[in-house]
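> Have a look at this fold, sequence not included:
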DNA sequence: ATAACAGTTGAACAACTATTCAACTGATGA
DNA sequence: TCATCAGTTGAATAGTTGTTCAACTGTTAT
């Protein structure tokens, strides 16, 4: 087998390892979705919103006050969380109440906190 | 208590909920660290590197070949993963072998995959 | 009707980030 | 010693993203 199958500019490649690993790699779709999910959790504002919503469902103004930020920026972030299926909302009169819609968020946060504690 | 303590431009706030939630919010440090951790996982290239390293320890060229990317870009991303304590490496001659250095990554990935499966 | 208010949305801007390129380091072997 | 090769690194660039601002919905109450 020629080295030319491989794209990298190097001579010594561990062909067997590369082939074996390639055969076990999930498809692009999974990695895109996985990265998308973690990217959403990887923002301080969104992480704080999710932590707050884990305590209570809350309206946009309440969240804005808890985080000390403007309604607009909170609403933008809630839109991202809503479109990704992580939170859902219900309207009551003029107010819109947001709540968590994914039990995996809590789980992932717990492991994340373990990671931080472990690295101290 | 005056509404003026609160920063958001709205009249109806649920004071008790806001205060209770505020008292339960972890400090800024935790959210920064948490977001930093998830931000690192929230990139397709890094997610694929970590998945590959979960199969075998590998040198930079092997990883570059598995992902179909340049040595340089892989090395940049490995640097980020190394500095955050998620991977470690050992040099053997001219080659540098990378491996996972955090069992929380696998855990978090599993929950992330559950999340994706659940959302299909 | 219309005023008031909670919330949303799009455009603009600034800050950040991933990849590329080129120059570099450090180890090997001829 | 010198050429070669694996890997690193900094600067540059293009693409992405979070917040702000202003204009807009939709609901309530007068």
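Nice, thanks for sending it over. Computed from a predicted structure; not experimentally measured.

> Check whether whichever strand or helix holds residue A:82 comes near DNA strand D.
Residue A:82 belongs to helix A:71-83 when assigned by DSSP states H and E. Yes: judged by C-beta under 7 Å from any atom of the strand, helix A:71-83 comes into contact with DNA strand D through A:72-73, A:76-77, A:80. Backbone N, C-alpha and C define where each C-beta goes, glycine included.

> So what touches that helix?
A:40, A:43, A:45-46, A:49-50, A:60-61, A:63-64, A:67, A:87-89, A:98, B:8-10 (C-beta atoms under 8 Å, 6 or more residues apart in numbering or on different chains).

> Go back to the residues of helix A:71-83 next to DNA strand D and keep what's next to DNA strand C.
The subset of the residues of helix A:71-83 next to DNA strand D within reach of DNA strand C, by C-beta under 7 Å from any atom of the strand, is A:72, A:76.

> could you flag which of the residues of helix A:71-83 next to DNA strand D are buried?
By neighbour count, with 16 or more other C-beta atoms under 10 Å in any protein chain shown, these hold A:77, A:80 as buried.

> Columns distance to residue B:32 and pLDDT on top of the residues of helix A:71-83 next to DNA strand D, output as a markdown table?
Formatted as a markdown table, the residues of helix A:71-83 next to DNA strand D follow (distance: C-beta to C-beta, whole Å; pLDDT from 0 to 100):
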| residue | distance to residue B:32 | pLDDT |
| --- | --- | --- |
| A:72 | 23 | 96 |
| A:73 | 18 | 97 |
| A:76 | 20 | 98 |
| A:77 | 16 | 98 |
| A:80 | 19 | 98 |
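
> Tell me the one among the residues of helix A:71-83 next to DNA strand D nearest to residue B:56.
If you rank the residues of helix A:71-83 next to DNA strand D by distance to residue B:56 using C-beta to C-beta, residue A:80 comes first, at 35.7 Å.
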